[in-house]
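[1] Need a 3D model of the sequence below.
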Amino acid sequence: MPDPCCAEGLAPRRRRLAPRVWIVLLMPWLAACEGLIYHPQPMTQREAQVVRARHPQVEELRVVAADGVHLRGWVARDPGPAPRTLVIYFGGNAEEVSWMLDFRGAFTGWDLALVNYRGYGLSEGRPSERALFADAVTIHDHLAGTRGAQAGPVVAFGRSLGSAVAVHLASRRPLRGVILVAPFDSVGAVARGVVPFLPTGLLLGEVFDSLALAPSVTAPLGMIVAERDEVIPNEHSTRLFDAWAGPKERVTIRGAGHNDLQSYRGYWRAIEDFLAGWRGAIANPPG
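    Residues are numbered from 1 along each chain as shown. From the prediction side, this is the model:
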């Protein structure tokens, strides 16, 4: 006899969908959400040879991640004296980073390390939040170990998706500064504005959540935003800027959009100014 205290006992029991059925039903939404985050840009060996030919003075970089995946990139060394200060660059979600070698002049006085994410360039593997975060720390520690006694302070430089990777690194390792270009508070917050009809909060959670880390990061921040950013509305970078615990400065590139920031001279001038100020503080510490 059914239990009168239990409503389920008064009606036919509903069949529950098996977990694998839910996975099948949610796969299109999951794919759509993942497509918002990653757009891998692989590189052929022939394309890599072109990069080597154009930049023969640049060193190729190979880093083995904790799970054995091989990450590939480049290091452009500054010819100046020690300490060998270093900028580690983390690109956007559809960016193969070798193009930055053409703008090496903006990093005078600093070594510049460019490493492609998993699945980008010649790097192996498949990108994920956990992998990109872990790889950033591995890359930092690898470079610190190979630079030896000449090693100086490190700056993390992240653009768009890379801003979250740079913030994560700044939360795990002491850095001289952090440059964030077209950054955001969290991917979940941005996705909700792009596809409000999808349950992105349920599927993604607050992935790449820089806003949660910002109040604990005390490294100086240099933020560059595009006035007409059509991909990441400026309220997302404003929330991150306001939450940042360390000294901070923000530069807005007038007339620029999300994808053409690099075509404005003011963009490169802002990078140069941030780095010059931080390097000057290294060379002339307060008495």
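[2] hey, let's count contacts and neighbours off CA atoms from now on
    OK.
[3] so Gly266, which of the three states?
    helix (DSSP: H, G, I helix; E, B strand; the rest coil).
[4] Would you mind measuring from it to Asn259?
    Here the distance between Gly266 and Asn259 works out to 15 Å (CA to CA, to the nearest Å).
[5] cool, and Pro233?
    Noted for Pro233: a distance of 13 Å to Asn259, by CA to CA.
[6] Looking at those two, which has the bigger crowd around it?
    Comparing Pro233 with Asn259 by other CA atoms under 10 Å, the one with more neighbours is Pro233, at 19 against 14.
[7] Which pLDDT value belongs to the more buried one?
    In the prediction, the pLDDT value recorded for Pro233 is 94.
[8] any idea how far it is from Tyr117?
    Spatial separation of Pro233 from Tyr117 under the definition CA to CA is 24 Å.
[9] in stretch 170-188, what's buried?
    For stretch 170-188, burial by neighbour count (16 or more other CA atoms under 10 Å) applies to 170-171, 175-188.
[10] Determine the number of other residues adjacent to Val69.
    Tallying neighbours of Val69 according to other CA under 10 Å, which is how burial is gauged here, yields 16.
[11] what's it in contact with, if anything?
    Applying CA atoms under 8 Å, 6 or more residues apart in numbering to Val69 gives the contacts Ser123, Glu124, Gly125.
[12] Ranking by neighbours, what's the top pick from the residues you listed?
    With neighbours taken as other CA under 10 Å, the top of those is Ser123, carrying 21 neighbours.
[13] before we move on, the earlier item: now flag whichever of the buried residues of stretch 170-188 is closest to Asp78.
    The shortest separation between Asp78 and any of the buried residues of stretch 170-188 is 17.4 Å, and it belongs to Arg176 (by CA to CA).
[14] wait, the closest one sits on Leu221?
    No: under the criterion of CA atoms under 8 Å, Arg176 is not in contact with Leu221, lying 9.4 Å apart.
[15] The lengthiest strand in the chain pairs with which strands, and in what direction?
    The strand spanning the most residues in the chain, taking DSSP state E as the definition, is strand 151-159. Applying DSSP bridges, strand 151-159 is found paired with strand 84-90 (parallel), strand 177-181 (parallel).
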